[in-house]
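# quick one: sequence plus predicted model below, questions after.
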Amino acid sequence: MSKLEILSPLYRFIPEVSIPKRHIPFKEKITWSALVLSIYFALSQIPLYGVSEKAMDWFAGFRVVLAGNSGSILHLGIGPIVTAGIIMQLLVGSDILNLDLTTHKGKETFQGTQKLLAISLCFFEAFAMARGQGMAEGTMLYIVILQMAFGGILVMIMDEVVTKWGFGSGISLFIAGRVSAQIIWRSFSFLASADIPDQLIGAIPAFIKSFISGNPEWTRPGILAGMDQVFFTIIIFFIIVYIESIRVEIPLSYGKFKGIRGRYPIKFIYASNIPMILTVAMFANVQLMAKILNTRGITWLGTFDSQGNAVSGIVNYIQPPRGIGNLMQEPLGALVYLIIVVLLCIFFAVLWIELTQMGPEAVAKKLERSGMQIPGFRKDPRVLRKVLSRYIPQVTVMGGAAVGIVAVFADFTGALGTGTGILLTVGIVYRLYEELMKEQMGEMFPALRKIIGSE
C-alpha cells in the first residue's frame, strides 16, 4: 500500500471530467477539441482584474511554449500541470513513491495526487508571480492570486476534456494553438505597430509595403519580425517535418498465423518532443526561483535588469540569444546554452523512455505478449530485446540531441514562435494528423477499431 493513499479522501473534491461510456464519433471529437480551443483563446483575452501597469512579465521568453498570455486569466498557462507531471514522473520513476501503475488503484492514486499537486502549484506560482512581479498590493494582491490560480485550474479541466472527449491532449492543443497564432499574427498582421511608428506588425505586409515604395526591407528593427525570420521559420518547419518522418522499422510476424506480418516502427525522435517540454519547464522554474530569491537579496542563481532579463549567474545561460545579431554579440553564451539544452534533452529523453516503459525490455515483453516475433528467430523475448537494444538506446540519445539542436538553431536564427515553439507545434500537428487518420479509418471500418486502438 502506498503512503499516498491517505490522500484519497481529498480526490473527490477535485474537479473531474467523466470518461465517455460510449464510442465518441469522429465529428464529435473534432467539435469538443474546437470548442475547448475556442474557450482557451477567449479566456486568454480576459485581463486580470486589479493588475498594476508596472508589473513585469517574468516568463516573456517562455510565454508561447507555456501556452499562457501575460496579464490574462490564463497567465500561468500549462506551467503548473507540466511541473506537477515532471515531479510525479521523477518520484515514481526513481521509486521514491512506491506506486504500481499497472493496477487501476495505482493509476487512480497517481492521477489524483498529480491533480492535487497541480492545483497546489497553481496557487504557489500565482503567489510567487503576483508578489514578485509587483502585480498588485494589499487585498488586491490576493484577488489577483485567486484569479490566476482559478485560470490554472480551468486549464487543467480543459486539458482533461480534450484528453477524454477530443483528439490528443489539451496541453498539446494549447501549445500548438498559441504558437500558430503568434506566427500568423507576426507574419500577416496589417495593423500598425504601437512601439515603432510607420511600421506594420506583420513581416509580409511590411515587406510588400517597403518593396512597393522602392526600398525593400529584409530585416526590421527592434522586436518586429522581418522576412529573414519568416524565411528561417519555413526552413525550420521543413527540417522538423523531415526528422519526424525518419524511422527504423523492425519486421515482425504473428506466431500463431503464418503469413501475417507487420513492422514495429522506431522513430528517430523516439521520445517525441517531451525532452524539450521538460527542459523548458525546468528553465522556467529555475528562473522563477531565481527571481523569488532576488526579491530577498539572494543572487547566487543570477541577477536581472530593470526589464527582468537575466544579466548574470546560471539563469543568464539558460536564455538563448535570439536572432543572428544577438548571437554574434554573445557567442560564448550561445555555445554554453546549446550544450546545456542538448545535454538536458538527452537526459530527459533517456529518463522518459525508462519511466514510460518504452525501453527495449518493456517493448519486447509487450510484443511477446501480443504474439509477435521476429521472422527467422524463435519466439523468445530475449531475442526481441536483443534486436530492439541495437536501436532504441542509440535512437533515444540521437533523437534527444537532435530535438535540442533544432530548437536552439531556430532560436539563434530568430524564427517566429521561438525554436521550442515551432518544434513542439510541428510535432504536435504531425501526431494529431496521424491520430485523425487512425480515427477516420476506425469510422470507415468499425471492425478495425480494436486493432488500431481507436476505441
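Yep, it's here.
# what about the spatially most central residue of the chain, distance to Ala181?
Most central in the chain under CA atoms, centre = their mean is Ile277, positioned 4.3 Å from the mean C-alpha point. Counting by CB to CB, to the nearest Å, the gap between Ile277 and Ala181 amounts to 19 Å. The way it works is simple: take the backbone N, C-alpha and C, and place the C-beta from them, glycine included.
# just Leu252 next, same as before
Leu252 is 42 Å from Ala181, by CB to CB.
# of the two, who's got more company?
Leu252 (19 against 15; other CB atoms under 10 Å).
# which stretches of the protein form strands?
All strands of the chain, identified by DSSP state E, fall at 247-254, 261-267, 303-304, 310-312, 372-373.
# from Ala181, how far out is Phe268?
According to CB to CB, Phe268 stands 29 Å off from Ala181.
# thinking again about what came up before, which ones are touching the residue nearest to the centre of the chain?
Val65, Val82, Leu424 (CB atoms under 8 Å, 6 or more residues apart in numbering).
# follow-up on the earlier one: and the strands of the chain, which one is worst for confidence?
With a mean of 71, strand 372-373 has the lowest mean pLDDT of the strands of the chain.
# run through the residues that contact Ile392.
Contact partners of Ile392, counting by CB under 8 Å, 6+ apart, are Ile266, Tyr270, Ile353, Met358, Gly359, Pro360, Val363.
# and what of Gly399?
Neighbouring residues of Gly399 by CB under 8 Å, 6+ apart: Lys267, Phe268, Ile269, Tyr270, Ala271, Ala349.
# what's the closest of those residues to Ala118?
Ala271 (22.3 Å; CB to CB).
# test my guess that that closest one contacts Glu354.
No - counting by CB atoms under 8 Å, Ala271 stays clear of Glu354, with 10.4 Å between them.
# quick check: phi and psi on Gly71?
phi 80, psi 0 (degrees, to the nearest 10).
# that one touches Tyr49, doesn't it?
No - using CB under 8 Å, Gly71 is not in contact with Tyr49; the gap is 10.7 Å.
# quick one, which of the two is more surrounded?
Gly71 (16 against 11).
# now the more buried one: how far from Ile183?
From Gly71 over to Ile183 (counting by CB to CB), the distance is 21 Å.
# do you know how far Ile274 is from Thr356?
Remark: distance between Ile274 and Thr356 (CB to CB) = 9 Å.
# looking at the two, which is more packed in?
Between Ile274 and Thr356, Ile274 has the larger neighbour count (other CB under 10 Å), namely 23 against 14.
# how about the more buried one, nearest residue that isn't a chain neighbour?
Nearest residue to Ile274 in three dimensions, chain neighbours excluded: Trp352, at 5.1 Å (CB to CB, 6 or more residues apart in numbering).
# buried set for stretch 185-199?
Arg186, Ser187, Ser189, Ser193, Gln199 (16 or more other CB atoms under 10 Å).
# to clarify, my last question referred to stretch 292-312.
Using 16+ other CB under 10 Å as the test for burial, stretch 292-312 gives Ile292, Asn294, Leu301, Gly302, Phe304, Gly308, Ala310.
# what is the end-to-end distance of it?
15 Å (CA to CA, to the nearest Å).
# stretch 157-171 now?
Start-to-end, stretch 157-171 (CA to CA) is 11 Å.
# now do the closest residue to Gly414 other than its chain neighbours against Ala67, distance only.
Leaving out its chain neighbours, the residue that sits closest to Gly414 by CB to CB, 6+ apart is Gly323, at 3.7 Å. Relative to Ala67, Gly323 is positioned 23 Å away (CB to CB).
# swap in Glu439?
Taken as CB to CB, the span from Glu439 to Ala67 is 24 Å.
# what's the burial count for Ile24?
Other residues close to Ile24 by other CB under 10 Å number 17.
# list the contacts for the nearest residue to it once chain neighbours are set aside?
Excluding its sequence neighbours, the residue lying closest to Ile24 (CB to CB, 6+ apart) is Trp165, at 6.2 Å. Contacts for Trp165 (CB under 8 Å, 6+ apart) come out as Val17, Pro20, Ile24, Glu28, Lys29, Trp32.
# go with 7 Å
Trp165 makes contact with Pro20, Ile24, Lys29, Trp32, according to CB atoms under 7 Å, 6 or more residues apart in numbering.
# pLDDT below threshold where in the stretch 101-250 of the chain?
Residues of the stretch 101-250 of the chain meeting the criterion pLDDT under 70: 102.
# that older thread, let's have the contacts of Trp165 in JSON lines, adding distance to Lys386.
Output for these, formatted as JSON lines (distance: CB to CB, whole Å):
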{"residue": "Pro20", "distance to Lys386": "41"}
{"residue": "Ile24", "distance to Lys386": "40"}
{"residue": "Lys29", "distance to Lys386": "40"}
{"residue": "Trp32", "distance to Lys386": "44"}
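# need those residues in a markdown table (columns: pLDDT and distance to Thr113).
As requested, the contacts of Trp165 are exported to a markdown table (pLDDT from 0 to 100; distance: CB to CB, whole Å):
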| residue | pLDDT | distance to Thr113 |
| --- | --- | --- |
| Pro20 | 86 | 24 |
| Ile24 | 84 | 27 |
| Lys29 | 89 | 28 |
| Trp32 | 93 | 26 |
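# which among these count as buried?
Ile24, Lys29, Trp32.
# nearest to Cys345, of those?
Lys29 (31.5 Å).
# how close does Pro193 sit to Phe211?
Small correction: residue 193 is Ser, not Pro. From Ser193 to Phe211 the distance is 18 Å (CB to CB).
# and if you look at Thr303?
44 Å.
# again with Leu173
Relative to Phe211, and taking CB to CB, Leu173 is found at 37 Å.
# neighbour count winner among the two?
Leu173 (24 against 12).
# can I assume the more buried one is in contact with Ser33?
Yes - applying CB atoms under 7 Å, one finds Leu173 in contact with Ser33, separated by 6.4 Å.
# and the helix ranked longest in the chain, what's buried?
Selection of the longest helix in the chain by residue count, based on DSSP state H, yields helix 104-132. Neighbour-count burial for helix 104-132, counted by 16+ other CB under 10 Å, picks out 106, 109-119, 121-132.
# try stretch 403-417
403-404, 406-417.
# again with stretch 34-45
For stretch 34-45, by 16+ other CB under 10 Å, it's Val36, Leu37, Tyr40, Leu43, Ser44.
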